[in-house]
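Novice: The sequence and its predicted three-dimensional model are supplied below.
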Amino acid sequence: MKRIVFIFFTFSFLFAGTEFDKIKTQYFKSYDYEQMGKYSEAIKVLSPLYRRYPKGYTLNLRFGWLFFLDKKYNNAIKYYQKASLINTYALDPKLGLIRIYLATSSYKKAQTTATSILKIDFYNYYANLYMIKTLIAERKYDIASKNLEKMLALYPTDVLFLEELLRIYKYTKNKGFKKLQGDILILDPNNIMARSVET
């Protein structure tokens, strides 16, 4: 926490006054374009800023995210990898890479990256979620179920983990399918996945 506060104040002092306002304005415009689904515009508005600060961790992370949303995966990988080199301890770029690997069905790469996070943070929420998704995609239901048991012990009412368990129940024709489907709909009555999936 102290480190985050220090980084924030350092950033504020470096870009005090007008420069900081310009940077903030460019970011906010980028967020607005993202909300509208105009990812290319969101990238374009930050490009002048990136030319000035190519080693900015947050900028590289943001470009990785925006290129991911725009389905320009090679560009997204490039920026996430750059962000990871700038801050070698950060997990966000690695999680970004896993999302790309899942989207492109690169399951081995997704597992390798998720494993590298789980070695550092065994209970990392998203690394476990993405690992489970990868294992299900590869039909490794037994291993995925063990990972789900671990995470559902911590988050017993977490809908995202319960959805993955419902997928396993569907694929393995588990008798607990209907009950779990009902449990999810109690927690989230409008849950699209639980409403649409059938045994």
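Specialist: Sure, I can see it. In this text, all values refer to a predicted model and were calculated from it rather than measured experimentally. Numbering: from 1, shown residues only.

Novice: Show me the shaky parts of the chain.
Specialist: Along the chain, the model assigns pLDDT under 70 to residues 1-17, 198-199.

Novice: pull the longest helix from it.
Specialist: Taking DSSP state H as the criterion, the chain has its longest helix at helix 18-35.

Novice: could you point out which element follows it?
Specialist: Sequence-wise, the next helix or strand downstream of helix 18-35 (DSSP states H and E) is helix 39-52.

Novice: Return the helix or strand following that next one as CSV; C-alpha atoms alone will do.
Specialist: Using DSSP H and E, the helix or strand that directly follows helix 39-52 along the chain is helix 57-69. Listed next in CSV are the C-alpha coordinates belonging to helix 57-69 (Å, rounded to 0.1, in the frame of the first residue of the first chain):
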residue,chain,number,x,y,z
TYR,A,57,3.9,0.7,-17.0
THR,A,58,0.2,1.8,-16.9
LEU,A,59,0.3,2.9,-20.6
ASN,A,60,1.6,-0.4,-21.8
LEU,A,61,-0.9,-2.2,-19.7
ARG,A,62,-3.7,0.0,-21.1
PHE,A,63,-2.6,-0.6,-24.6
GLY,A,64,-2.5,-4.3,-24.0
TRP,A,65,-6.1,-4.2,-22.7
LEU,A,66,-7.4,-2.0,-25.6
PHE,A,67,-5.7,-4.1,-28.3
PHE,A,68,-7.2,-7.2,-26.6
LEU,A,69,-10.7,-5.7,-26.7
